[in-house]
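1. The following block contains a protein sequence and its predicted model.
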Amino acid sequence: MKPEQLKLYLVTDRPLSLGRDIAWIVEEAVKGGVTMVQLREKDCDTREFLEVAQKLKSLLKPLGIPLLINDRIDIALAVDADGVHIGQSDMPYEIARKLLGPDKIIGLSVENMHDIEEANKLDVDYVGVSPIYSTATKTDTAQPFGLEGLRKAVALSVHPTVAIGGMNTKTAYDVIKTGTNGIAVVSGICSADSPCEASKELLEIINKD
């Protein structure tokens, strides 16, 4: 994985997609410049999850954009996704790596400085610093890092970082200025009238200066 692939990282969210097809949202977002996609499905059955993952894999592979699966190693293996993103309460990194092999991307959520220190001991590909700001997307998260906390997290981490939680056109510029490699966006793209235009606008902000 190249750190620049974290620049504009889309995390899908069915409830925030306004009833629209996930594959359509991803396709539009990619047209707007999204550099990595994580398929996150919390409420659909395995067969449907698999079908959506297959669609996204077919869409993204020719474009060279990595597809990661949230939590579900089995789905990632079934569609030969580029990797997985795991949280602190998901499958331990060592087991995920053993199952996926050395060449797949594994991202790990970190919720405090201790998590980052522990992640530094692991051969993960990147860490998702979460949350930067409190957000309605996830209600079970830890104390927000804020900008100063993110700056410290970026300095402490030996791995590339992507900022998660409250990422939108109002926050993106200040967040990128902390030195993080990218932002992970959920509602800012999934709920936008035009996921393509929303992605374009976010990428322009990220690339500013």
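-> Nice, I can see it.
2. Report the rounded mean pLDDT for stretch 168-175.
-> Confidence for stretch 168-175, expressed as mean pLDDT, is 96.
3. Send me that stretch as PDB with only the CA atoms.
-> The C-alpha coordinates for stretch 168-175 follow below in PDB (Å, rounded to 0.1, in the frame of the first residue of the first chain):
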ATOM      1  CA  ASN A 168     -16.100  17.000   5.800                       C
ATOM      2  CA  THR A 169     -15.500  20.100   3.800                       C
ATOM      3  CA  LYS A 170     -15.400  22.300   6.900                       C
ATOM      4  CA  THR A 171     -12.800  20.100   8.800                       C
ATOM      5  CA  ALA A 172     -10.700  18.600   6.000                       C
ATOM      6  CA  TYR A 173      -8.200  21.400   5.500                       C
ATOM      7  CA  ASP A 174      -7.200  21.800   9.200                       C
ATOM      8  CA  VAL A 175      -7.000  18.000   9.600                       C
END
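4. Off-centre distance for that stretch?
-> Centroid displacement of stretch 168-175 relative to its chain, using C-alpha atoms, centre = their mean, to the nearest Å, is 16 Å.
5. From the contact counts, what lies against the lengthiest strand in the chain?
-> Ranked by residue count under DSSP state E, the longest strand found in the chain is strand 105-110. The elements that strand 105-110 packs onto, with contact taken as 3 or more C-beta pairs under 8 Å, 6 or more residues apart in numbering; DSSP states H and E, are strand 83-86, helix 93-100, helix 113-119, strand 126-129. To be clear about C-beta, it is placed using only N, CA and C from the backbone, and glycine gets the same treatment.
6. Just name the most buried of the ones you listed.
-> strand 126-129 (a mean of 27; mean count of other C-beta atoms under 10 Å).
7. Strands along the chain, start to end?
-> Taking DSSP E as the criterion, the chain contains strands spanning 8-11, 36-39, 67-70, 83-86, 105-110, 126-129, 161-164, 182-185.
8. Which of those strands sits closest to Ile25?
-> Closest approach to Ile25 among the strands of the chain is made by strand 8-11 (8.2 Å; C-beta to C-beta).
9. Show me what that closest one is packed against.
-> So strand 8-11, by 3+ C-beta pairs under 8 Å, 6+ apart, packs with strand 36-39, strand 182-185, helix 195-206.
10. List the pairing partners of it within its sheet, with orientation.
-> strand 36-39 (parallel), strand 182-185 (parallel) (DSSP bridges).
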